[in-house]
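Enquirer: what's the 3D shape of this:
(2 chains)
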Amino acid sequence: MKRYIARRLMQGAILLCMVATIVFFLGRLTGNPVDLMLPEDATPEDRTALIQTLGLDGPILDQFAIFVGKAVHGDLGMSIRMKQPAVEAFFDRLPNTLVLIPWAILLGMMLGIPLGVVAALNRGGMLDRAAGTVAVLGVAMPSFWLGVLLIFVFSVELGWLPSGRMGGPSHYVLPVITLGTFLVAGFMRITRSAMLEVMESEFVKLARIKGLSEAVVIWKHCLRNALIPVLTLWGVFVGNLITGAIVTETVFAWPGIGRLTYEAVIYRDFPLLQAVIILKSILILSINLGVDILYAYVDPRIRLA
Amino acid sequence: MTVETVLEVRDLHTHFFLRRGVVKAVDGVSFSLRRGEVLGLVGESGCGKSLTALSLMRLLPKGGARTIKGEVRLGGENILECTPAEMREIRGRRISMVLQDPQTSLNPVFTVGDQLREAIQRRKRAPRAAVMEEAVAALRRVEIAAPEQRIGQYPHQMSGGMKQRVVGAIAISGEPGVLIADEPTTALDVTIQLQYLKLLKRLQAETGMAILFITHDFGVVGRMCDRVAVMYAGRIVECGPVRQIFEAPQHPYTRALIASVPKMTGPVGRLATIEGQPPSLMDLPAGCRFASRCALVEQRCLDVYPGTVRVGEEHTADCWKAASS
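Expert: Predicted coordinates:
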């Protein structure tokens, strides 16, 4: 297990280097941030001066060398727009994103897993088809559309819920639904297929031979086995939520790292963009590793291998 | 004969209703099982042995299998008429089953103790410690060494033979009167096979339960069974005491099966085989189902199914050529 973790950490480090390189050069393809920062009547001298203060002069490879040199010391630079270290800006915003994620996953699992079980039990029947429709809708509805639709109905028309920004519990409802809807479908579909597979197995037959009630057979013997692939999805989803909350956070003006990413791109805030992408990658890599370790606890066969 | 009949199966029909047609996998099976005896159910793959067993448990595979006719009398009660709830009460307590493959019969995510406990708790409600004690005793009864340690282990930590013993312990923990053993040793090593058969025999002697022993191995039949029923293409074609079947098989199929068992003595030669294929269960012939492969076939064999002929006290065969007594 230790060797496995060490190997995974090595792979992660290599991946991070690649991500950092790509984001550095890709960001610079979008143009020069000073064009957005200077007032319209700025002189070319002002422009040159600003470029120099920001360290954006000199050949791009030299800039890259400076970036790498600082990055290995943990310094990812100052945000151009926010006048604050980029790493600090990221960690200031991170909790705001993290508070949304557990609720979204909880919503996804609470609806998706039972729906998946019910669909599997009624394979080919009306309930299965109904659950399938929910799944397709959940995946097909883009979050920018669903988010705006929810705001329109519940904030504008009905006036029940706030349309955006952080605040009390009522502020969470619409962003969580927007994020969770996508997950319901994923959890439902993977639970359904895992259940169908497990229900055919011999140990389920033996559980019935013992005379156990159908509820125990399905919700204990089948579901516990079916949850193993569900756990894999967990890792993917947490990753998706951290990165993919960009749209939802922007729609709901939620001050998390998704919106921070959006702002970094829009304002060509290169140091911030680099920091955000690198730190997000680190987060996703650690979550995936964490899920793999968690596997061992759900599936005792892995524990010993 | 005054021996109590614990299980009586009459004219059982279980068919698969598929889009392509009806597969008559079990098509008129009748037999009875007495207290304390081992009845062998022998036949080649696909002849309906396992489906017969699952029909008795009323655990038919999904996908169109239905028992459409017949009676399964367990202690006088036709269990085919029971409600699902009544059937759950019967399973494990009055009729139980050991499955073929020990590698897949146990749930991989629960400990052996958990799985045994569930079965024991069907019989009685007791505090956890008492049930666990009983689970340890159950493992000891199936000759598992160091049961106190084994009880907390997961199935993957055990060998195939040991798992099959655990499955056996689970199956008999409800003290059923009838145990169906569906090829319980097919997936085991030969040396382990013998141990397992001896164990089953001993447990049967201790509990007095009746065993329906499904196998395709005539050698195992000789060792285990009191009586044997030979199944072919969905029907029992011959049934009688093991000794009589071995010494004077009446049905040509039984004869051919016995001839194809390799012998340990005598000169080494090619094994006898049965030419041809069993008939399609979707399109069964009007006459004898073995006719197309039978050396003694006559016109009437092709036209009419031979009735069940009594060829001795307790010995019957479905063949026109059987010498009736």
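Enquirer: List the residues that contact the closest residue to A:Val156 other than its chain neighbours.
Expert: Nearest non-adjacent residue to A:Val156, counting by C-beta to C-beta, 6 or more residues apart in numbering or on different chains: A:Ser163, 7.2 Å away. For every residue, glycine as well, the C-beta is placed using N, CA and C. A:Ser163 makes contact with A:151, A:155-156, A:174, A:252 under the criterion C-beta atoms under 8 Å, 6 or more residues apart in numbering or on different chains.
Enquirer: B:Ala119 too?
Expert: Residues near B:Ala119 by C-beta under 8 Å, 6+ apart: A:210-211, B:92, B:170-171, B:173-174.
Enquirer: rewinding a little: give me the three-state assignment for the residue nearest to A:Val156.
Expert: Under DSSP: H, G, I helix; E, B strand; the rest coil, A:Ser163 falls in the coil class.
Enquirer: just A:Pro102 next, same as before
Expert: Going by three-state DSSP, the state assigned to A:Pro102 is helix.
Enquirer: Please apply the same query to the one 3 residues further on.
Expert: Assigned state for A:Ile105: helix (three-state reduction, three-state DSSP).
Enquirer: Give the burial count for it, as a bare number.
Expert: Counted with other C-beta atoms under 10 Å in any protein chain shown, residues neighbouring A:Ile105 total 21.
Enquirer: hang on, isn't it packed against A:Gly235?
Expert: No: A:Ile105 is beyond contact range of A:Gly235, at 11.1 Å (criterion: C-beta atoms under 8 Å).
Enquirer: Chain B contacts on the stretch 51-200 of chain A?
Expert: Counting by C-beta under 8 Å from any C-beta of the partner chain, the residues of the stretch 51-200 of chain A close to chain B are A:Glu200.
Enquirer: the helices in the stretch 51-200 of chain A, which residues?
Expert: Taking DSSP state H, counting those that start in this stretch, the helices of the stretch 51-200 of chain A run over residues A:60-71, A:86-98, A:100-121, A:126-140, A:143-150, A:170-199.
Enquirer: Number of residues surrounding the residue in chain B that chain A sits nearest to?
Expert: Closest to chain A within chain B is B:Gly92: 3.3 Å, counting by C-beta to the nearest C-beta. The local packing of B:Gly92 (other C-beta under 10 Å) involves 28 other residues.
Enquirer: next one: B:Thr14
Expert: Neighbours of B:Thr14 using other C-beta under 10 Å come to 24.
Enquirer: before we move on, the earlier item: filter the contacts of A:Ser163 to the buried ones?
Expert: A:151, A:155, A:174, A:252 (16 or more other C-beta atoms under 10 Å in any protein chain shown).
Enquirer: Just flag the most distant two among the residues you listed.
Expert: Greatest spatial distance among these (C-beta to C-beta): A:Ser155 and A:Phe252, at 9.9 Å.
Enquirer: Need the residues touching each of these two.
Expert: Each of A:163, A:174 lies in contact with both A:Ser155 and A:Phe252 under the rule C-beta under 8 Å, 6+ apart.
Enquirer: Tell me, please, where in chain B the pLDDT is lower than the cut-off.
Expert: In the predicted model, chain B carries pLDDT under 70 at residues B:1-2, B:324-325.
Enquirer: contacting residues for the residue most central in space within it?
Expert: With distances taken as C-alpha atoms, centre = their mean, the residue of chain B nearest its centroid is B:Ile214 (2.9 Å). Residues in contact with B:Ile214 (C-beta under 8 Å, 6+ apart) are B:40-41, B:49-50, B:52-53, B:180-183.
Enquirer: is it in a bridge, and if so with what?
Expert: Following DSSP bridges, B:Ile214 is listed with bridge partners B:Leu41, B:Asp182.
Enquirer: just to revisit the earlier point, could the helices of the stretch 51-200 of chain A be laid out in a markdown table, adding mean pLDDT?
Expert: Listed next are those as a markdown table, based on pLDDT from 0 to 100:
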| stretch | mean pLDDT |
| --- | --- |
| helix A:60-71 | 84 |
| helix A:86-98 | 87 |
| helix A:100-121 | 90 |
| helix A:126-140 | 87 |
| helix A:143-150 | 86 |
| helix A:170-199 | 88 |
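Enquirer: Identify the residue nearest the residue in the stretch 1-150 of chain A positioned nearest to chain B in space, chain neighbours excluded?
Expert: Nearest residue of the stretch 1-150 of chain A to chain B (C-beta to the nearest C-beta) works out as A:Arg123 at 8.2 Å. Excluding the flanking residues, the one nearest A:Arg123 by C-beta to C-beta, 6+ apart is A:Leu196, at 6.5 Å.
Enquirer: What of A:Thr191?
Expert: The shortest distance from A:Thr191 to any non-neighbouring residue, by C-beta to C-beta, 6+ apart, is to A:Gly116 (2.7 Å).
Enquirer: Wait, the one you found touches A:Arg189, no?
Expert: Yes: using C-beta under 8 Å, A:Gly116 is in contact with A:Arg189, at 6.9 Å.
Enquirer: Comparing the two, which residue is more hemmed in?
Expert: The neighbour comparison of A:Gly116 against A:Arg189 (other C-beta under 10 Å) goes to A:Gly116, with 29 against 21.
Enquirer: Which two of the contacts of B:Ile214 have the greatest separation?
Expert: The largest distance within the contacts of B:Ile214, taken as C-beta to C-beta, falls between B:Gly40 and B:Ser50 and amounts to 14.1 Å.
Enquirer: So between these two, which is more surrounded?
Expert: For B:Gly40 versus B:Ser50, the count of surrounding residues by other C-beta under 10 Å is larger for B:Gly40: 26 against 20.
Enquirer: Contacts only, for the more buried one.
Expert: B:Gly40 neighbours (C-beta under 8 Å, 6+ apart): B:213-215, B:220-221, B:224-225, B:227-229, B:242.
Enquirer: of all these, which comes closest to A:Leu111?
Expert: Closest approach to A:Leu111 among those (C-beta to C-beta): B:Ile214, at 44.3 Å.
Enquirer: all helices of chain B, in order?
Expert: B:49-57, B:84-90, B:102-105, B:112-123, B:128-141, B:147-150, B:160-172, B:190-207, B:218-224, B:242-247, B:252-259, B:299-303 (DSSP state H).
Enquirer: Now the stretch 51-200 of chain A against chain B: closest residue?
Expert: With C-beta to the nearest C-beta, the shortest gap between the stretch 51-200 of chain A and chain B falls at A:Glu200, namely 7.7 Å.
Enquirer: which residue packs closest to that residue, ignoring adjacent ones?
Expert: The spatially closest residue to A:Glu200, leaving aside those adjacent along the chain, is B:Lys62, at 7.7 Å (C-beta to C-beta, 6+ apart).
Enquirer: secondary structure class for the residue in the stretch 201-305 of chain A that chain B sits nearest to?
Expert: Sorted by distance to chain B under C-beta to the nearest C-beta, the residues of the stretch 201-305 of chain A start with A:Gly211, at 3.3 Å. Using three-state DSSP, the three-state assignment for A:Gly211 comes out as coil.
Enquirer: which residues touch the closest residue in space to it that isn't next to it in sequence?
Expert: In space, and not counting its chain neighbours, A:Gly211 is closest to B:Gly92: 3.3 Å by C-beta to C-beta, 6+ apart. By C-beta under 8 Å, 6+ apart, B:Gly92 lies in contact with A:209-211, B:119, B:122, B:171, B:173-174, B:176.
Enquirer: from the residues you listed, which is closest to B:Val72?
Expert: B:Pro176 (14.5 Å).
Enquirer: Enumerate the residues of the stretch 151-300 of chain B near chain A.
Expert: B:154, B:156-157, B:167, B:170-171, B:174.
Enquirer: Beta-bridge partners for the nearest residue to B:Glu8 once chain neighbours are set aside, please?
Expert: Among residues not flanking B:Glu8 along the chain, B:Arg73 sits closest, at 4.1 Å (C-beta to C-beta, 6+ apart). Under DSSP bridges, the beta-bridge partners of B:Arg73 are B:Glu8, B:Asn78.
Enquirer: OK, contacts around B:Arg73?
Expert: B:7-10, B:79.
Enquirer: how about those, which pair is most distant?
Expert: Across these, the longest distance by C-beta to C-beta is 12.3 Å; it joins B:Arg10 and B:Ile79.
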